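Visitor: The following block contains a protein sequence and its predicted model.
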Amino acid sequence: MSSAATSSVPASRRKRVVLLGATGSIGENTLRVLAAHRDKLELVGIAARANWEKLAAIARQFGVRHVGVFDDAAFAAARANAAAFPAGTRLVGGLAGLTELAQLPAADIVLVAVVGTTGLEPALAALAAGKDLALASKEILVLAGKFVMAEAKKRGAKLLPVDSEHNAVFQCLEGHPHAGVRRIVLTASGGAFRDWPAERLAHVTPADALKHPNWSMGPKITVDSATLANKGLELIEAQCLFGVRAEQCTAVLHPQSIVHCLVEFTDGAMLAQLCPPSMTFPIQHALLHPERAPGVDPALDFTRLLGLEFRPVDEGRFPMLRLAKETMAAGGVAPAIYNAANEVAVAAFLDGVIPFLAIPRVVEHTLSRVKNSEPSSVAAVLAVDAEARRTAAAQLGAAR
């Protein structure tokens, strides 16, 4: 379990931040937090997959001199337009560039918000360099949680969750001993189709799936919210982050997205964390931890009518949650197989290749075909990830 920690940054200077994934939705909200707290936080490095023009604008706004571009063609374009960046900017490219930024000597904390497995090597590099790690990329812990947690422990680095649910759990657990926790309950909005009749789900379009009722997020995570794969991945993360057994992690539907977790203790008492559905709250908590400061977005207003509703999850309607629980119980590389197959299936759905209801069928097929084992290294996990992607891709034709 997480415990309270003091900042390693002297009070006399600002905490220096590297932001990997600066142009996505997490990155944009992080920039809002940074802009609001320039007296406490300094942005020293940024990176994105391909949008070098937006990176240049960010670099100018915050005076950043270390910039990474993952995509080769975009990196070449950034170098050709170096004048768009502040004078003296150092441009780095590819995965090696992201990894170099994660180890930047000037940095105190690295926020990893890149999509997919790309962030795994930079995250491990940041921890190896003794940097604190603010983690927004689910795949990193789902793929290689035991290696990431071991590296953080070895280096004495803080691992601060940025996902709203895990950040909420982190806050509820501070100061409480591991033995006192009975279970962790994560809340799920239910996504775009929470209230749709089951028979309508066969006719879902990608445009339908991208209309999330509460959150503004990228396409993949929005689809994951509709299938509850997102909540399944979060349960896997929670098991790893907080050192609990699979059966101690569960989920409940909460349409308002105001309560982000509930932690039940052995005496039956529960703690909940509440805030509006904006990512600025968990991002600010992770970056400023253990300090508190005024928030970027308005807090809850209890002078207005506020209703909080909770419903049990129907795992027949949301089979991706059932499959996630099965992978948690199985352990080994099963979570990595689940994640890889889901990524392939969601991409195929967004491209119009398979229907919405085929997503869990592809994942379940892949889990049944790829052998589960206990990984000996990160390389072994990545090999299984690649095999699972091939297996899932081969199943797409049959899933149409």
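Guide: Done, it's in.
Visitor: Skipping its backbone neighbours, what lies nearest residue 252 in space?
Guide: Setting aside the residues directly before and after it, residue 252 is nearest to residue 310 in space (CB to CB, 6 or more residues apart in numbering), at 5.2 Å. To be clear about C-beta, it is placed using only N, CA and C from the backbone, and glycine gets the same treatment.
Visitor: Do you know the pLDDT at that neighbour?
Guide: Per-residue pLDDT puts residue 310 at 96.
Visitor: dump the residue contacts of it.
Guide: With contacts taken as CB atoms under 8 Å, 6 or more residues apart in numbering, residue 310 has the following neighbours: 187, 252-254, 259.
Visitor: Which of the residues you listed are buried, as a PyMOL select command?
Guide: PyMOL command restricting the contacts of residue 310 to the buried ones, with burial defined by 16 or more other CB atoms under 10 Å:
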select buried, resi 187+252+253+254+259
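Visitor: My reading is that residue 134 lies in a helix. Confirm?
Guide: No - when DSSP: H, G, I helix; E, B strand; the rest coil is applied, residue 134 is found to be strand, with no helix at that position.
Visitor: For it, give its distance to residue 290.
Guide: Relative to residue 290, residue 134 is positioned 13 Å away (criterion: CB to CB, to the nearest Å).
Visitor: Over to residue 24?
Guide: From residue 24 over to residue 290 (counting by CB to CB), the distance is 27 Å.
Visitor: higher neighbour count, these two?
Guide: Between residue 24 and residue 290, counted using other CB atoms under 10 Å, the more crowded position is residue 24 (19 against 11).
Visitor: So that one is in contact with residue 221, correct?
Guide: No - with contacts counted by CB atoms under 8 Å, residue 24 stays clear of residue 221, the gap being 9.8 Å.
Visitor: which phi and psi does the nearest residue to residue 75 once chain neighbours are set aside have?
Guide: Excluding its sequence neighbours, the residue lying closest to residue 75 (CB to CB, 6+ apart) is residue 93, at 3.5 Å. The phi/psi pair for residue 93 (degrees, to the nearest 10) reads phi -130, psi 160.
Visitor: Residue 93 and residue 60: what is the separation?
Guide: Noted for residue 93: a distance of 20 Å to residue 60, by CB to CB.
Visitor: Which of these two has more residues huddled nearby?
Guide: residue 93 (20 against 13).
Visitor: how much space is there between the more buried one and residue 70?
Guide: As judged by CB to CB, residue 93 and residue 70 stand 7 Å apart.
Visitor: Same question for residue 355.
Guide: Using CB to CB, we find residue 355 at a distance of 31 Å from residue 70.
Visitor: the more surrounded of these two?
Guide: Neighbour tally, residue 355 and residue 70, criterion other CB under 10 Å: the higher count belongs to residue 70, 21 against 17.
Visitor: Just give the nearest non-adjacent residue to the more buried one, would you?
Guide: Distances taken as CB to CB, 6+ apart put residue 49 closest to residue 70, at 4.7 Å, once the chain neighbours are dropped.
Visitor: Please tell me I have it right and the one you found contacts residue 75.
Guide: No - using CB under 8 Å as the test, residue 49 is too far from residue 75 to be in contact (10.2 Å).
Visitor: Now the common contact residues for the two.
Guide: Residues touching both residue 49 and residue 75 by CB under 8 Å, 6+ apart: residue 69.
Visitor: quick one: the strands in this protein?
Guide: Ranges of strands within the chain are 15-20, 41-48, 66-69, 90-93, 109-112, 132-135, 159-161, 181-188, 249-253, 259-265, 270-274, based on DSSP state E.
Visitor: Would you convert the ones you listed into a markdown table that also reports mean pLDDT?
Guide: Formatted as a markdown table, the entries for the strands of the chain read as follows, by pLDDT from 0 to 100:
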| stretch | mean pLDDT |
| --- | --- |
| strand 15-20 | 98 |
| strand 41-48 | 98 |
| strand 66-69 | 98 |
| strand 90-93 | 98 |
| strand 109-112 | 98 |
| strand 132-135 | 97 |
| strand 159-161 | 96 |
| strand 181-188 | 97 |
| strand 249-253 | 96 |
| strand 259-265 | 97 |
| strand 270-274 | 97 |
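Visitor: Which of those strands sits closest to residue 397?
Guide: Closest to residue 397 of these is strand 181-188 (CB to CB; 31.0 Å).
Visitor: what residues does the closest one touch?
Guide: Looking at what lies outside strand 181-188 - CB under 8 Å, 6+ apart - the contacts are 1, 165, 169, 173, 225, 228, 230-231, 234-235, 238, 242, 244, 248-254, 257, 259-266, 268, 270, 310, 313.
Visitor: next one: stretch 341-349
Guide: The set of residues that contact stretch 341-349 without belonging to it, under CB under 8 Å, 6+ apart, is 116, 206, 209, 220, 223-224, 227, 229, 233, 320, 354-356, 358-359, 362-363, 365-367, 388-389, 391-393, 396, 399.
Visitor: burial count for residue 196?
Guide: Taking other CB under 10 Å as the criterion, the count of residues near residue 196 is 16.
Visitor: As a check, name the ranges of all helices in the stretch 51-200 of the chain.
Guide: Defined through DSSP state H, counting those that start in this stretch, the helices belonging to the stretch 51-200 of the chain, from first to last, are 52-62, 72-80, 94-102, 120-128, 138-155, 164-173.
Visitor: Confidence-wise, which of the ones you listed is weakest overall?
Guide: Within the helices of the stretch 51-200 of the chain, confidence is poorest for helix 138-155, with a mean of 93 (mean pLDDT).
Visitor: and that helix, what other elements does it pack with?
Guide: With contacts defined as 3 or more CB pairs under 8 Å, 6 or more residues apart in numbering; DSSP states H and E, the secondary structure elements packing on helix 138-155 are helix 120-128, strand 159-161, helix 229-242, helix 334-350, helix 378-399.
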